[in-house]
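Participant: All I have is the shape, not the residue letters:
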């Protein structure tokens, strides 16, 4: 059983089989769908992916074992059932029967990478021949040959050539039925637990369960007021958590819902079906609506808005693939792919057809959603540490309970009184109010964030924000505006920069070399860069004739023969156009990165690279432009031929303006020693320009790593970040230092004293390689700028930074940032769209300044949580010491004494101290990262010593006084200082010198700790800014000092034996402080209280100074 329940470690228990990684050839069944059930062994392959579980074990259901489990639950009084809610595998092992072969299992238990167990039902179909189960929204198929389950994502592997053969008829209904039965519907349904289940899960959480048990005990003892207060707060906390969970689940479901009708070709005709009915291989008539599945265009062209997936707010052109027709449809260029979740904004021509290549959670959007639903586990040290503290307190509770049992036996106490007193000790030692106090503290921070227009859907992340020491920024739309401004053209002929070129070639190039489109209302859609460039020519774009028209009634038009979209590998795009007055040849215009254009030009200016680097140093985004005339153009002409031997025309220059607040935010973070990184899907040079303009702390030059387009190896360039544009020597160095680097030299490269800029393509090479994890970690830590990164790469980068021990924050504005926003310790979305639903925090004002506000509040909340935790740990230490001492004397506090201390002293101060607002500035100082950090441990330990000395010394002084009578002597009749008044059971009393002294000493020390723990720190405003706490603490302190000197609790030595002169004050009588103390001793005790305050404050300051310096 121990092996079966293990959740960590590299070795797997015998009951588990390791996750398989083989490729599957399905050749066992002779059924109708050749994709799923091939008729011959070599006809088809299913798409397979690596299993996401670590280990798997098979079980079958058993009514006998199920009944046995129910019986055990009844016998244990429900304890076993509660344990199964904490560890679900217990139910599987006790209520199921283990089987040796996965092939006969109808239940499997899988272990994930975090060591957690999950039970999944196996579905048998086709007479039991097909066996599958679903986990993390992915289907797993049992393979007879290997005796294991394989993950089979819903992907179409057919070649483009074979797919297009079926265009006329579409799929047969029988094939559609087979694929629907195997892969399920084309939906992304999220199963939300019922409200009852959510409530039960919260109630049986160890913290809340202990609170409920404590409340029941207190109600039994008529300790009603405090019990109901704790119960009300617990119910409110549970209700808030459940409401948040249900609301978030509803928003997520609304995000993925796709309730539209689509036109598909099936059985030789066109049918209208719900989007959920689409299957792999369906031919869909593309319409201007949301795309319901991943598809590849096979006929026609359209414009698609992919902003919800890529973050780019510019529609992109989609057209049939011109790739090798024998390649799989999954390998088609992205210019031919329509992704689920994107929106078709314009269809060109009469009909556009696309074939479905991925459905459900296997689509691009589904994969992104799965990253959001199942991010890498982000453990929070404070949670683990809190359980360790509670374990220590539980040990203390056990020891004091043993002492209480011994004392009760010696005093011949009844069994009922013994049990109640023991449970009292346990509930005293483990503070039932702790979860509520921590929740309330976070609630105050949440309120302040909401007032600052920062919304939060995961309140526990506020504390995590206090740990952040690395912050990652998306660039476009986050640090900069979401567009590029066209600055003009440099034709490299000595003429000044201009937005109105005089060259006809350049004019035609600006008018035609783009991917813009126009709707029926004349609105031009496309990248802002290209819109600004096109607008400078004053040409018009036709919505019907696929051409551009010269301005001012001109008679020249440019008709498109072909558009080649931007290719990331080639780093360029091109068009083939024909001018209406030039019928005998075509014009080819190409634009792209300067390096890519230089490679295909017949010649370039001698100062080509010098200009490029000068513009880069000035923060301009530089695009090279070239052209040629072609006489013998044919539609079948290859792209390589079209884009060859061109003539350089000049540079197009654009400026990506930085947001006004960005520089100040970056400076604030770096001044606070928070590591800043840029993770962007944009060009690397542009990102470096932005970093320079933001004055990021970077080395003078950076190593720029990218992938060679020729052989796919990593190359690097020494790129000067801060270069004087007039320094020709440095410019020359920059343009000649590009060197190819083999992966084996990466270790040496990382030893150089340079920061890194690395592209997503280079990272993909690193990820796919067999490099040691430590080397990959060094690479990621050294990189300050990550460029051309895809959404999943952003998530991977954040994960690796976290694996390196950094507390990582992430901010972005697009759905392409969602995975990273969810994976990071703290994610802040500057958006109202999808990113705001999955990120823990959202800036409603979309203001980058909110990064600083969030970190300030996080540090404040974390510091507040730490000090409240210290206070709530010291509270049971003090109360347990008081109760244990009195129980040893066969005395106890009355309910009113408990109530005043628990509710009005401890609870009141502990709640109000949480309201102190955050400090105005971020500093280099950091809150402790653990409850076991030296600052916390030494603070608790030293304050415990101060209390012990103060407590024992004052009692020792009292016991040496001639008027003092020990309670055992009074109870035995050996002393008559005051009348002995036992409680109802007859073996305990609440009236004794010890009770009065201990109660006053202990409760004054609560005030002492509240003051000492709230000394000024770098993360919160000084305590006097929290007026409610200051006034309340002062009032409690005054009341306690007043009780020390109150006539009802004091007397002269001659009054000790005159009880009629005692208890004449209502407050004192209500607190049961009716055993008088001499006035002289009360003054001594007041002096002791003042000394305790000074000592505690001094000790706390000494601890902070000592460990701040270390």
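Facilitator: Yep, it's here. Keep in mind it's a predicted model, so treat the numbers as computed, not measured.
Participant: ok, and for stretch 256-274, which residues are buried?
Facilitator: Using 16 or more other C-beta atoms under 10 Å as the test for burial, stretch 256-274 gives 256, 258, 262, 264-266, 273. No exception for glycine: its C-beta is placed from N, CA and C like everyone else's.
Participant: Would you check the distance separating that stretch from the middle of the chain?
Facilitator: Taking the mean C-alpha point of stretch 256-274 and that of its whole chain, the gap between them comes to 36 Å (C-alpha atoms, centre = their mean, to the nearest Å).
Participant: Next SSE downstream of the helix or strand hosting residue 995?
Facilitator: Using DSSP states H and E, residue 995 sits in helix 993-1013. Counting by DSSP H and E, the element after helix 993-1013 in chain order, helix or strand, is helix 1027-1045.
Participant: the inter-axis angle of that next one versus helix 993-1013?
Facilitator: Relative orientation of helix 1027-1045 versus helix 993-1013 (axes from the mean of the first three to the mean of the last three C-alpha atoms, to 10 degrees): 150 degrees.
Participant: Can you list phi and psi of the residue nearest the centre of the chain for me?
Facilitator: In the chain, the centroid-proximal residue (C-alpha atoms, centre = their mean) is residue 822; its distance is 3.2 Å. For residue 822, the backbone dihedrals are phi -80, psi -40 (criterion: degrees, to the nearest 10).
Participant: Confirm for me that it is in contact with residue 841.
Facilitator: No: contact between residue 822 and residue 841 fails when scored by C-beta atoms under 8 Å: they sit 11.6 Å apart.
Participant: I'd like the average pLDDT over the longest helix along the chain.
Facilitator: As assigned by DSSP state H, the longest helix anywhere in the chain is helix 850-888. Averaging pLDDT along helix 850-888 gives 90.
Participant: can you check stretch 233-252 too?
Facilitator: Per-residue pLDDT values over stretch 233-252 give a mean of 79.
Participant: Buried ones in that stretch, by neighbour count?
Facilitator: 233-234, 237-238, 241-242, 245, 252.
Participant: How about stretch 578-596?
Facilitator: Buried residues in stretch 578-596, counted by 16+ other C-beta under 10 Å: 578-579, 586-596.
Participant: Could you pick out which of those are located in helices?
Facilitator: 594-596.
Participant: Show me what the host helix or strand of residue 810 packs onto, helices and strands only.
Facilitator: Taking DSSP H and E as the criterion, residue 810 maps to strand 808-812. Secondary-structure packing of strand 808-812 (3 or more C-beta pairs under 8 Å, 6 or more residues apart in numbering; DSSP states H and E): strand 470-473, helix 791-803, helix 818-823, strand 826-829, helix 850-888.
Participant: On the strand side of things, show who residue 563 bridges to.
Facilitator: In this entry, residue 563 is beta-bridged to residue 575, by DSSP bridges.
Participant: Can you report how many residues neighbour it?
Facilitator: Neighbour count for residue 563, taken as other C-beta atoms under 10 Å: 19.
Participant: So for it, what's the pLDDT?
Facilitator: 86.
Participant: which one among the ones in helices among the buried residues of stretch 578-596 gets closest to residue 973?
Facilitator: Comparing those against residue 973 with C-beta to C-beta places residue 595 closest, at 102.7 Å.
Participant: tell me the contacts of residue 289?
Facilitator: 260, 343-344 (C-beta atoms under 8 Å, 6 or more residues apart in numbering).
Participant: In strands only, show me those.
Facilitator: The strands, defined by DSSP state E, take in 343-344 from the contacts of residue 289.
Participant: Could I get the full set of strands for the stretch 301-450 of the chain?
Facilitator: In the stretch 301-450 of the chain, the strands defined using DSSP state E, counting those that start in this stretch lie at 316-318, 337-338, 343-358.
Participant: among those, which is nearest residue 613?
Facilitator: That would be strand 316-318 among the strands of the stretch 301-450 of the chain, by C-beta to C-beta, at 30.1 Å.
Participant: Report the mean per-residue pLDDT for that closest one.
Facilitator: Across strand 316-318, the average pLDDT comes to 77.
Participant: Kindly report the same for stretch 157-170.
Facilitator: Mean predicted lDDT for stretch 157-170 stands at 81.
Participant: now swap in stretch 215-228 and tell me
Facilitator: Averaged across stretch 215-228, pLDDT comes to 80.
Participant: Identify each buried residue in that stretch, please.
Facilitator: Buried residues in stretch 215-228, counting neighbours by 16+ other C-beta under 10 Å, are found at 215, 217-218, 223, 226-227.
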